[in-house]
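[1] with the sequence up front, the predicted model follows.
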Amino acid sequence: MSETAAEKPTFRDAMKRRRCLIPADGFYEWLRISSKEKQPYNFGMIDDAVFAFAGLWERWRDPAGEVVETCTILTTKPNALVADVHDRMPVILKPDDYELWLDPGVTDAALVADCLQPFDARLMKKYPVSTRVSRTENDDAECAREVPIVNTAPRLF
């Protein structure tokens, strides 16, 4: 999505005027194991540091006339760590790029395009987590706890 955000009507104005940082300490992606099974993984920084996704925000009115504020996280092609699990990843900004990304004087999306590259995989880690992360009612630290990979090899008997 980051590759086309500056041209898409949905994101074009936000790319010019409403860029934001979305702080996180990790994100999840699911590896398809079979047609019925997926293994979720947590991705984060190798030093467990908080980082920031490249975000865009928007303000609009719903049909009832109420103001609604929303945001989105831009995605890009995966780095080497994410690629074996998913074909996209969120754009993680380098701390040195925060100021440029947030600069309201920069309205030419081409000037921030270099910020939208896959993050350096050598600075990241991944580990498997429980499938309980797949349910929205589960919103606690247990979701991010590392679990052993379940052997999903087919059995003969």
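    Okay, I see it.
[2] so which residues of the protein form helices?
    12-17, 80-83, 98-102 (DSSP state H).
[3] which residues does stretch 31-47 contact?
    25-30, 51, 81-82, 84-86, 89, 122-131, 133-134, 144, 146, 149-150, 152 (Cβ atoms under 8 Å, 6 or more residues apart in numbering). For every residue, glycine as well, the C-beta is placed using N, CA and C.
[4] cutoff 7 Å now
    25-30, 51, 81-82, 85, 123-129, 131, 133-134, 144, 149, 152 (Cβ atoms under 7 Å, 6 or more residues apart in numbering).
[5] tell me the span between the first and last residue of that stretch.
    One end of stretch 31-47 to the other measures 24 Å (Cα to Cα, to the nearest Å).
[6] got it, and stretch 81-96?
    Across its full length, stretch 81-96 reaches 22 Å between end residues, using Cα to Cα.
[7] one more: stretch 23-40?
    With Cα to Cα, one end of stretch 23-40 sits 21 Å from the other.
[8] give me the below-cutoff pLDDT ranges for this structure.
    Confidence mapping of the chain against pLDDT under 70 gives the ranges 150-157.
[9] in the chain, where's the longest strand?
    strand 51-61 (DSSP state E).
[10] which strands and helices lie in contact with it?
    helix 12-17, strand 19-24, strand 67-73, strand 92-93 (3 or more Cβ pairs under 7 Å, 6 or more residues apart in numbering; DSSP states H and E).
[11] from the centroid of this structure, which residue is nearest?
    Geometric centre of the chain, nearest residue: residue 90, 2.9 Å, by Cα atoms, centre = their mean.
[12] quick one: residues contacting that one.
    Applying Cβ under 7 Å, 6+ apart, the residues near residue 90 are 27, 53, 73, 75.
[13] kindly report the same for residue 12.
    Counted by Cβ under 7 Å, 6+ apart, residue 12 has contacts residue 6.
[14] how close does it get to residue 86?
    26 Å (Cβ to Cβ, to the nearest Å).
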